[in-house]
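Enquirer: Got a predicted structure plus its sequence, pasted below:
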Amino acid sequence: MDLERAGDRRNSPGTPWCMAEVDIFCDLNAAEMDALGAAAPRRTFAPGALVYTPHQPVETLFILKQGRIRIFRTSPDGRALTTAIISPGTIFGEMVIVGQQMHDNYAEALDEVVVCVMSKSDVKRLLLGDPRIAVRISETLGRRLGMIEQRLSDTVFKSVPERIASTLATLATGAAPGLGRGVQVRLTHEQLAALAATSRETTTKVLGELSDEGLVSLGRGRINVLDLIRLRDYCGE
């Protein structure tokens, strides 16, 4: 199937394209998937576009189908703190009804992003009304809270090099293999610095040291983790 025909199919009524391969919907039948697909139209965002901002407070649940989302907040002096990088198959958004609140956070597309959008009423009717999905949503939000707590703990107790290594190890876990040896993490030095709460210059220096030790190799807009076990040892995990 070529891309144009695939795009037509994804836009066709009743096609649950956004729901396919999303873990929380893994055991739904075809009719249930069709109902979800009809209630969650898709939207596409270019890299760098803001999917959500505190200035647009709408109760909407987003389901990320393609690309990556950076969740961040800003300080009064304009500094940005990245709290998460969201990968496909994940839910996010300002949805008090499921315990998912963005508060003062922004959601930015790191790549070309495709999301499916569900209203509060459809979330209540189709997601929370199904015990299978409701349990998985609760588990997903619980894991995300644990990751945020771990990130806060790392910021307090780990050195900057350890934070950078820990962030890389977390992103590399479960990621797709690179073209050669290792696991590829698609991030710029600036994006990694934001996640590790440090400067780009410091991140570049630490990555150079990790490269010299054979733990990573560096490319344009990507970092290849060559030895995940040693990288975890490096950051004390």
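Expert: Okay, I see it.
Enquirer: What helix or strand is Gln184 located in?
Expert: Assigned by DSSP states H and E, Gln184 belongs to strand 183-185.
Enquirer: Send me the strand or helix carrying Leu64 as CSV with only the CA atoms.
Expert: Assessed by DSSP H and E, Leu64 sits inside strand 60-66. Extracted in CSV, the C-alpha atoms of strand 60-66 (Å, rounded to 0.1, in the frame of the first residue of the first chain):
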residue,chain,number,x,y,z
THR,A,60,-9.2,16.9,25.9
LEU,A,61,-7.4,13.6,26.0
PHE,A,62,-4.7,13.0,23.3
ILE,A,63,-3.6,9.6,22.2
LEU,A,64,-0.2,9.8,20.6
LYS,A,65,0.0,7.6,17.5
GLN,A,66,3.1,8.8,15.7
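Enquirer: What are the contacting residues of whichever helix or strand comes after that strand?
Expert: Downstream of strand 60-66, the next assigned helix or strand under DSSP H and E is strand 69-74. The contact list for strand 69-74 (CB atoms under 8 Å, 6 or more residues apart in numbering) reads 51, 80-86, 90, 92, 102-110, 113, 191, 194. (C-beta placed from N, C-alpha, C; glycine too.)
Enquirer: Now the most centrally placed residue in the chain. Nearest residue, chain neighbours left out?
Expert: Nearest to the geometric centre of the chain sits Ile86, at 0.6 Å (CA atoms, centre = their mean). For Ile86, ignoring the flanking residues on the chain, the nearest one in space by CB to CB, 6 or more residues apart in numbering is Ile69 at 4.1 Å.
Enquirer: Over to Ser211?
Expert: Using CB to CB, 6+ apart, the closest residue to Ser211 is Leu218 (5.7 Å).
Enquirer: Give the pairing partners of the helix or strand harbouring that neighbour; include direction for each.
Expert: Using DSSP H and E, Leu218 falls within strand 216-219. Strand 216-219 sits in its sheet next to strand 222-225 (antiparallel), going by DSSP bridges.
Enquirer: what comes up buried for the partner strand?
Expert: For strand 222-225, the neighbour count (16 or more other CB atoms under 10 Å) marks 223-225 as buried.
Enquirer: in the sheet, who's paired with Leu81?
Expert: Beta-bridge pairing of Leu81 under DSSP bridges involves Arg73.
Enquirer: how about it, what does it touch?
Expert: 72-75, 194, 197.
Enquirer: Next: Thr44.
Expert: 112-114.
Enquirer: Could you check how far the residue nearest to the centre of the chain is from Arg70?
Expert: As defined by CB to CB, to the nearest Å, Ile86 lies at a distance of 8 Å from Arg70.
Enquirer: where do the contact lists of these two overlap?
Expert: Ala107.
Enquirer: quick one on the thing from earlier: let me know the angle separating the strand holding Leu64 from strand 69-74.
Expert: Strand 60-66 and strand 69-74 meet at an angle of 130 degrees, taking axes from the mean of the first three to the mean of the last three CA atoms, to 10 degrees as the criterion.
Enquirer: which neighbours does strand 60-66 have in its sheet, and in what orientation?
Expert: strand 91-94 (antiparallel), strand 113-119 (antiparallel).
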